[in-house]
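**Q** what's the 3D shape of this:
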Amino acid sequence: MTVDSADLERLWSVLEQQPVVAAFRSVSIGARTPPGELQVAVDAQGHRHLLVPLAAGHSLKEAVDGEAVVLRRRALEDERRYQQYASLELMDERLQDLFTALCVEVTDRINAAPDRAVAALRDVLKDWRALLAGARPLLTSSALAGLFGELHFLQSLIAVDPGAVAFWTGPTGSAQDFHRGSRAVELKTTTAPEGRTVHVHGVDQLDVSTEGGLVLLWLRVQSQQGISVPDLVDDILALTDDTTTFRVLLRKVGYDERDREVYARRVFDVIESRTYQVGRGFPRITTAGLTGDAALSGVGPIDYTVDLDAPPALAHHTHVEPTRFLLGHA
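**A** Numbers count the residues shown, from 1 in each chain. You can find the predicted model right below:
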């Protein structure tokens with residue numbers, strides 16, 4: 001059975017949401033070898049695993065000195081059977097996308113030669129060892145999705161104004177992701193299939209301190225289909241008249257173009273978009289909202305969540321088009 005990155009991510013996500021009642025939570029991915037089926041698993045520490053079944057008496061040379069991914073013998077037992085596995089285990093969650101891509105290649109090679117499953121696993125691990133050493137830190141899955149959301153919006157700006165790279169201010173430490181004059185847009189992206197809860201970082205992120213106003217743009221993306229971050233980067237580079245500034249900003253958010261091949265394996269598609277006009281009555285924490293003798297001196301950092309489905313937030317749901325708003329056309 002052929003599996004792709006979205007299949008594995010979905011299975012791991014389901015396992016991660018299950019209660020921790022055993023050392024391993026596991027599920028078959030449908031790929032079969034003579035000793036049994038390949039499994040994906042999550043252990044009690046939250047580490048992701050790919051489990052390749054071992055035949056009885058099959059020795060395994062473990063590789064446990066890797067910083068990002070290790071290979072070791074594991075056993076799963078239930079009321080019906082006891083099975084030994086060669087387990088690939090992700091130790092560094094920052095390399096989650098890379099690990100998923102590695103596991104896809106392992107399953108592809110095992111499907112092509114199921115009688116030589118462990119050899120296929122070792123061959124892939126050897127081929128990927130340099131990347132797995134983590135010479136350069138990679139964006140986490142959530143950070144990559146967030147970057148996709150910002151670039152998706154930036155692309156819409158540049159389609160109207162080729163100089164709009166200058167409005168992408170989040171990478172430089174600005175409270176909001178995009179600014180033009182007195183107008184600002186804060187962008188939140190989620191891969192969660194349900195709910196509209198956003199995480200807010202700091203008391204100034206949703207603070208309206210100018211007359212221009214602040215719009216919160218919320219996106220829900222899925223990763224079964226769509227385009228990759230490198231694809232968006234290419235599109236923006238082809239449209240913008242300031243490629244140098246754009247590349248500098250990409251580096252500031254931790255995106256290295258040399259890791260293109262890794263990031264290209266993860267695609268996203270915007271399946272829902274909502275816009276909120278942030279202002280009086282919108283649920284948020286701001287300096288001006290402190291009462292009595294409360295002060296921020298010595299307090300922080302302050303992170304909190306806002307449920308956009310709560311009535312106070314719903315009242316601010318608007319049909320303002322964020323691109324036109326920021327560019328001053330609305």
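**Q** residue ranges with poor pLDDT in the stretch 201-330 of the chain?
**A** Applying pLDDT under 70 to the stretch 201-330 of the chain flags the ranges 209-211, 289-300, 330.
**Q** ok, 80 please
**A** In the predicted model of the stretch 201-330 of the chain, residues 208-212, 224, 258, 287-301, 329-330 satisfy pLDDT under 80.
**Q** just the helices in it please.
**A** With DSSP state H, counting those that start in this stretch, the ranges of helices along the stretch 201-330 of the chain come out as 229-239, 243-252, 260-263, 311-314, 322-326.
**Q** what do you get for the stretch 51-200 of the chain?
**A** Ranges of helices within the stretch 51-200 of the chain are 96-112, 117-132, 141-160, based on DSSP H, counting those that start in this stretch.
**Q** and the helix or strand where L8 lies with helix 96-112, angle?
**A** Using DSSP states H and E, L8 falls within helix 5-16. Angle, helix 5-16 to helix 96-112, by axes from the mean of the first three to the mean of the last three Cα atoms, to 10 degrees: 110 degrees.
**Q** elements contacting helix 5-16?
**A** With contacts defined as 3 or more Cβ pairs under 8 Å, 6 or more residues apart in numbering; DSSP states H and E, the packing partners of helix 5-16 are strand 24-33, strand 36-43, helix 96-112, strand 213-228. (Each C-beta comes from the backbone N, C-alpha and C, glycine too.)
**Q** for R10, find the nearest of the ones you listed.
**A** Between R10 and the helices and strands packed on helix 5-16, the tightest spacing by Cβ to Cβ is seen for strand 213-228, at 8.4 Å.
**Q** one step back: can you lay out the helices and strands packed on helix 5-16 as CSV showing mean neighbour count and distance to D234?
**A** Formatted as CSV, the helices and strands packed on helix 5-16 follow (neighbours: other Cβ atoms under 10 Å; distance: least, Cβ to Cβ, whole Å):
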stretch, mean neighbour count, distance to D234
strand 24-33, 17, 32
strand 36-43, 21, 32
helix 96-112, 21, 19
strand 213-228, 20, 9
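**Q** turn these into TSV, including distance to R180.
**A** Output for these, formatted as TSV (distance: least, Cβ to Cβ, whole Å):
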stretch	distance to R180
strand 24-33	47
strand 36-43	44
helix 96-112	32
strand 213-228	11
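**Q** pLDDT of stretch 28-43, averaged?
**A** Across stretch 28-43, the average pLDDT comes to 91.
**Q** mind exporting it as CSV, just the C-alpha atoms?
**A** What follows is stretch 28-43 as a C-alpha-only set of coordinates in CSV (Å, rounded to 0.1, in the frame of the first residue of the first chain):
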residue,chain,number,x,y,z
SER,A,28,-0.9,-0.2,10.9
ILE,A,29,-0.3,1.8,7.7
GLY,A,30,-1.2,-1.1,5.5
ALA,A,31,2.3,-1.8,4.1
ARG,A,32,3.0,-5.5,4.6
THR,A,33,6.3,-7.5,4.9
PRO,A,34,6.6,-11.3,5.6
PRO,A,35,6.9,-10.8,9.4
GLY,A,36,3.9,-8.4,9.5
GLU,A,37,2.7,-4.9,8.8
LEU,A,38,4.5,-1.6,9.2
GLN,A,39,3.2,0.6,12.0
VAL,A,40,3.4,4.2,13.0
ALA,A,41,3.5,4.9,16.7
VAL,A,42,3.7,7.5,19.4
ASP,A,43,5.4,6.7,22.7
